[in-house]
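Novice: Have a look at this prediction, sequence included:
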Amino acid sequence: MADFTSLLRPTNFETILGQDHLSSPQSSLRRLCESDQLGHSFFYGPPGSGKTTIARVIAKEMDLPFYEFNATSLKVDQLRKIFEQYKNALQKPLIFIDEVHRLAKNQQEVLLPVMENNSVLIIGASTENPFFSLTAAMRSRSLLFELQPISTEALDQLLDKALASQNLSVEEDARAYLLRSCGGDARGMLKLLEFAAALESHITLEILQTLRPNAQSGGSSEAGVHYDLASAMIKSIRGSDTDASIYYLARLIEGGEPPEFIARRLVILASEDVGNANPQALTLCTSTMTSVKMIGYPESRIILAQAVIYLCASPKSNSAYMAINTAQQAVRDGVLLDIPKNIQQQNQGYLYPHDFGGWVSQEYLSEPLHFVDLKPIGYEKKMKAWLETVQGSTPE
């Protein structure tokens, strides 16, 4: 049985599909490689998006010895042997570490000296943003590049190459399933085709569905549909339409959308559209995000549905969203005020509010500015009333 993944793996920047922002002649990554100026880098993105492939292309482009490891099984002694081998060499090696977010602290500490003196080139890959798991010292010495799910158009090109390479044929509905069910995972699509080809040279939908009954958790069909469905769900929740919201949630789930992606969208909505009208919404959605990551499908669908219905039935306020937007714009427009001395770190004349029952009148801005307009909605109404009371106004 042919190994489609190895057979069709790109060997240079020109043959990399679906990551033009990294592989095009104008991209910063490619230009740094071609000028031998690339520094330690970390790639993150979904499975099958080309992280390992790009690392291998970089090694070939820069003509560097390539060592590949996985952080889950990497031993410090393995690294030290490579460091010693190239200690006085004219050429430095490229050490590629997959699942880099799993590096232990002691492993990261071993890497720091060689990253500092550039005696090796370290490249890591992860399905998670590694900057959340790497130490500040590692981050400060590195570049970070994000990969996107492979587009349907790029997958279509790759599928044509795979079919031609093995003289295979595929029915139209089977072709659509190959593209749709992998959710932007090129490796996932090729593996499904590989096993189907071991059974028949003419690929049918029936064969594919016996091997993969359901879509992978990568995305909902075409990119346009993916974003349209996510947008429709968010707008339906914002409009408090429970039935529409649940319907679009179901469409996303059945399209193979990762539960983590949906949960992240709900966390954002909880703050942007519900906000302080129901502060508990953010807590519930953050718990949802943690839960679905640990549990996965099919049970995650219930957790997501609970969060969606809760958000639909919550009072809505975008006051926090509007306030930070307005304040940031003011800063961009050059509104840069001197900080009053009483709230600088020297505490000159600072009045400690707790000594005055929780609130005391004092200067916090050197000039009056106004950004926050709390709404008389849900819990935010209570917040508005409290502020107006302590500040000496009559609440509405």
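Specialist: Yep, it's here.

Novice: Which stretches in the stretch 201-350 of the chain count as strands?
Specialist: 202-203 (DSSP state E, counting those that start in this stretch).

Novice: how about low-confidence regions in it?
Specialist: Along the stretch 201-350 of the chain, the model assigns pLDDT under 70 to residues 214-226.

Novice: if you set the cut-off to 50 instead, what comes out?
Specialist: Low-confidence segments of the stretch 201-350 of the chain, defined by pLDDT under 50: 217-223.

Novice: where do the helices sit along it?
Specialist: Counting by DSSP state H, counting those that start in this stretch, the stretch 201-350 of the chain has helices at residues 205-211, 223-238, 242-254, 259-269, 280-295, 300-312, 319-332.

Novice: Would you mind listing the buried residues in the fourth one?
Specialist: This points to helix 259-269. P259, E260, F261, I262, A263, R265, L266, V267, L269 (16 or more other C-beta atoms under 10 Å). Just so you know, the C-beta spots here come from the backbone N, C-alpha and C atoms, and that holds for glycine as well.

Novice: now the helices of the stretch 201-350 of the chain in JSON lines, with distance to D20?
Specialist: JSON lines is the format used below for the helices of the stretch 201-350 of the chain (distance: least, C-beta to C-beta, whole Å):
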{"stretch": "helix 205-211", "distance to D20": "29"}
{"stretch": "helix 223-238", "distance to D20": "14"}
{"stretch": "helix 242-254", "distance to D20": "26"}
{"stretch": "helix 259-269", "distance to D20": "22"}
{"stretch": "helix 280-295", "distance to D20": "30"}
{"stretch": "helix 300-312", "distance to D20": "32"}
{"stretch": "helix 319-332", "distance to D20": "30"}
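
Novice: Which of the ones you listed sits closest to A104?
Specialist: Each of those has some distance to A104 by C-beta to C-beta; the shortest is helix 280-295, at 20.9 Å.

Novice: Give the other helices and strands that that closest one contacts.
Specialist: Under the contact criterion of 3 or more C-beta pairs under 8 Å, 6 or more residues apart in numbering; DSSP states H and E, helix 280-295 touches helix 259-269, helix 300-312.

Novice: Which elements pack onto the longest one?
Specialist: With contacts taken as 3+ C-beta pairs under 8 Å, 6+ apart, helix 300-312 sits against helix 223-238, helix 242-254, helix 259-269, helix 280-295.

Novice: now do the shortest one
Specialist: Using 3+ C-beta pairs under 8 Å, 6+ apart, the elements in contact with helix 259-269 are helix 223-238, helix 242-254, helix 280-295, helix 300-312.

Novice: Could you pull out the buried residues of the last one?
Specialist: Under the neighbour-count criterion of 16+ other C-beta under 10 Å, helix 300-312 has S300, R301, I303, L304, A307, V308, Y310, L311, C312 buried.

Novice: and which of these is nearest to K105?
Specialist: S300 (30.7 Å).

Novice: dump the residue contacts of S366.
Specialist: Residues near S366 by C-beta atoms under 8 Å, 6 or more residues apart in numbering: L337, D338, I339, P340.

Novice: now it, what's its secondary structure?
Specialist: At S366 the chain is in coil, as set by DSSP: H, G, I helix; E, B strand; the rest coil.

Novice: Quickly list the domain ranges of the chain.
Specialist: According to automatic domain parsing, the chain comprises the domains 19-146, 152-211, 223-312, 320-373.

Novice: now for these, which one comes closest to A385?
Specialist: Comparing the domains of the chain by C-beta to C-beta, domain 223-312 comes nearest, at 12.6 Å.

Novice: Could I get the full set of helices for the stretch 51-200 of the chain?
Specialist: 51-61, 76-85, 105-117, 136-140, 152-165, 172-181, 186-199.

Novice: Turn those helices into TSV, columns for mean pLDDT, mean neighbour count and distance to E254.
Specialist: Output for these, formatted as TSV (pLDDT from 0 to 100; neighbours: other C-beta atoms under 10 Å; distance: least, C-beta to C-beta, whole Å):
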stretch	mean pLDDT	mean neighbour count	distance to E254
helix 51-61	95	21	28
helix 76-85	93	13	44
helix 105-117	91	15	40
helix 136-140	87	13	38
helix 152-165	92	17	17
helix 172-181	87	18	11
helix 186-199	92	20	17
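
Novice: out of those helices, which comes closest to I324?
Specialist: For the helices of the stretch 51-200 of the chain, the distance to I324 is smallest for helix 136-140, at 25.1 Å, taking C-beta to C-beta.

Novice: Pretty sure F132 sits against H101.
Specialist: Yes: the criterion here is C-beta atoms under 8 Å, and F132 meets it with H101 at 7.4 Å.

Novice: ok so, going back, right, so of the helices and strands packed on helix 280-295, which gets closest to I54?
Specialist: Closest among these, once you apply C-beta to C-beta, is helix 259-269, at 22.4 Å.

Novice: out of the helices of the stretch 51-200 of the chain, nearest to T283?
Specialist: With respect to T283, and counting by C-beta to C-beta, the nearest of the helices of the stretch 51-200 of the chain is helix 136-140 at 28.1 Å.

Novice: any idea how far the closest one is from the chain center?
Specialist: 19 Å (C-alpha atoms, centre = their mean, to the nearest Å).

Novice: re the thing from before, make a markdown table out of the buried residues of helix 300-312 and add distance to A71.
Specialist: Below are the buried residues of helix 300-312 laid out as a markdown table (distance: C-beta to C-beta, whole Å):
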| residue | distance to A71 |
| --- | --- |
| S300 | 26 |
| R301 | 31 |
| I303 | 29 |
| L304 | 30 |
| A307 | 32 |
| V308 | 35 |
| Y310 | 37 |
| L311 | 36 |
| C312 | 41 |
